[in-house]
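K.L.:
Make a model of this:
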Amino acid sequence: MDRSPQFKIKRVGWNEAGDLLRAVRKTVFVDEQSVPAELEWDGRDERCIHVLAETPAGDAIGTGRLLPDGHIGRMAVLRHWRGKGVGSALLEELVAVAREQGFDRVELSAQTHAIDFYARFDFEAVGDEYMDAGIPHRAMRLALVKPKRG
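P.N.:
Got it, this is the predicted structure:
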């Protein structure tokens, strides 16, 4: 019986893997969710650390990024791969990157339908719901370092 993983997660740069990252995000955000392309391509990708989920054949199936300020964003998984652990693996890798970078917390802007997903990883919703690209969102954060008592 084949026990090879269905997908793998790797850290990539925009210059080396931008075409793969762009394809996933275009499919999920621009095509499925009707996010205007000019909002999706915000000019910040070259400064981010990206994670990419790939099949053993090298097909891109998911992505996310960590901005230099500690925000996680652009989490996207192709429809067929949702519910199979891809999003969880991407998020765990992005949080690991943030820890390695020395951040004391990470923040993200969650589409409201995904709040429960992020809450499973101990992210807490903060503030009021707001609209972004015509989609309801809520800010969420995760403390990476416990405050010292003193």
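K.L.:
what sits against L94?
P.N.:
V51, G64, R65, L66, I72, M75, V106 (C-beta atoms under 8 Å, 6 or more residues apart in numbering). Heads up, the C-betas are built off the backbone N, CA and C, glycines and all.
K.L.:
in the helix ranked longest in the chain, what counts as buried?
P.N.:
Using DSSP state H, we find that the single longest helix of the chain is helix 86-100. For helix 86-100, burial by neighbour count (16 or more other C-beta atoms under 10 Å) applies to V86, G87, A89, L90, L91, E93, L94, V95, V97, A98.
K.L.:
now those as JSON lines including distance to G58?
P.N.:
Formatted as JSON lines, those follow (distance: C-beta to C-beta, whole Å):
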{"residue": "V86", "distance to G58": "15"}
{"residue": "G87", "distance to G58": "20"}
{"residue": "A89", "distance to G58": "17"}
{"residue": "L90", "distance to G58": "17"}
{"residue": "L91", "distance to G58": "22"}
{"residue": "E93", "distance to G58": "18"}
{"residue": "L94", "distance to G58": "21"}
{"residue": "V95", "distance to G58": "25"}
{"residue": "V97", "distance to G58": "22"}
{"residue": "A98", "distance to G58": "26"}
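K.L.:
Looking at the residues you listed, which two lie furthest apart in space?
P.N.:
V86 and A98 (19.0 Å; C-beta to C-beta).
K.L.:
Output the longest helix of the chain in PDB with nothing but the alpha carbons.
P.N.:
What follows is helix 86-100, C-alpha atoms only, in PDB (Å, rounded to 0.1, in the frame of the first residue of the first chain):
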ATOM      1  CA  VAL A  86      -3.900  21.400   3.600                       C
ATOM      2  CA  GLY A  87      -5.000  24.600   5.200                       C
ATOM      3  CA  SER A  88      -4.000  23.400   8.600                       C
ATOM      4  CA  ALA A  89      -0.600  22.400   7.400                       C
ATOM      5  CA  LEU A  90      -0.100  25.800   5.700                       C
ATOM      6  CA  LEU A  91      -1.100  27.700   8.800                       C
ATOM      7  CA  GLU A  92       1.100  25.600  11.100                       C
ATOM      8  CA  GLU A  93       4.100  26.300   8.800                       C
ATOM      9  CA  LEU A  94       3.300  30.000   8.800                       C
ATOM     10  CA  VAL A  95       3.100  30.100  12.600                       C
ATOM     11  CA  ALA A  96       6.400  28.200  12.800                       C
ATOM     12  CA  VAL A  97       8.000  30.800  10.400                       C
ATOM     13  CA  ALA A  98       6.700  33.600  12.600                       C
ATOM     14  CA  ARG A  99       8.100  32.000  15.800                       C
ATOM     15  CA  GLU A 100      11.500  31.600  14.000                       C
END
